[in-house]
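S.K.: 3D model of this:
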Amino acid sequence: MSGHSKFANIKHKKEKNDAAKGKIFTVIGRELAVAVKAGGPDPDSNSRLRDAIAKAKANNMPNDTIDRSIKKAAGNLDAVNYESITYEGYGPKGVAIIVEVLTDNKNRSAANVRSAFTKGGGNMGTTGCVSFMFDEKGQIIIEKNDDNDFDTEELEMIAIEAGAEDITEEEDGYEIITAPEDFSAVREAIEAAGIAMAEAEISMIPQNYTELTEEEDIKKMTRLLDMLDDDDDVKNVYHNWNE
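M.R.: From the prediction side, this is the model:
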């Protein structure tokens, strides 16, 4: 994965997130609700909820907001009716794109995602048309900053002993890759060590990357991604554009 550091993307996303925290918190609130409905409101016995809480904290969601979301979901299980749907398609020059939504209205979501593809110079495809170009992995991003006081060997030992597949050190931080089934154990081991994570989630990692060299293609791809980012139903967007 060298040469395709995610840290520039992380910083870009954080800047956007700071300007659109309401949208981020809406999506995470839905994830918390779905996790509660699937396994109950106690994170000690619900690993999916533990992972959702960790994602909330990584996005600086206040603890009282997290607690309210969990209590609200626990008291309204019949009202929690979000559906997970995945769309696949192509951006300019065949860039592969996967869009995950969490929605209470799949017709609305389908129309919005299709509009983003069309206005961004791409087109939606059938299920499986691009997902074979990605690997599903647990992905943990740790930034090098004053909040994290640890050495590389310590981090490597913690992650590897917990089941991590790979650790890559970049100038600005570390990327830890796990198998999906080992993600929770690795994340919890890092959290127990008091190491702050910038991101921690199951992700779709591209096997290869596509370059966009024409300014018009870059503008279209950026518009496509911006439209998806602005959609409250969209949970995650994965692509193989080498930004």
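S.K.: show me where the protein has helices.
M.R.: For the chain, the helices defined by DSSP state H cover 7-19, 21-39, 47-58, 63-75, 106-119, 152-162, 183-192, 215-229.
S.K.: just give me the neighbour total for the spatially closest residue to residue 232 that is not a sequence neighbour.
M.R.: Computed as C-beta to C-beta, 6 or more residues apart in numbering, the closest residue to residue 232 that is not its neighbour in sequence is residue 26, at 5.2 Å. Yep, even glycine has a C-beta here, placed from its N, CA and C like the rest. Using other C-beta atoms under 10 Å, residue 26 is surrounded by 14 other residues.
S.K.: against residue 59, how distant is residue 26?
M.R.: 11 Å (C-beta to C-beta, to the nearest Å).
S.K.: now the angle from the longest strand along the chain to helix 152-162?
M.R.: The longest strand of the chain (DSSP state E) is strand 134-143. With axes from the mean of the first three to the mean of the last three C-alpha atoms, to 10 degrees as the basis, strand 134-143 and helix 152-162 are set at 140 degrees to each other.
S.K.: residue at max distance from the center of this protein?
M.R.: residue 214 (27.7 Å; C-alpha atoms, centre = their mean).
S.K.: can you list the domain ranges for the protein.
M.R.: 7-79, 83-132+207-239, 134-206 (automatic domain parsing).
S.K.: any chance of the ones you listed in JSON lines, plus mean pLDDT?
M.R.: Formatted as JSON lines, the domains of the chain follow (pLDDT from 0 to 100):
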{"stretch": "domain 7-79", "mean pLDDT": "82"}
{"stretch": "domain 83-132+207-239", "mean pLDDT": "94"}
{"stretch": "domain 134-206", "mean pLDDT": "91"}
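S.K.: coming back round to it: the helices of the chain: which one's closest to residue 94?
M.R.: Ranking the helices of the chain by their distance to residue 94 (criterion: C-beta to C-beta) puts helix 215-229 first, at 10.4 Å.
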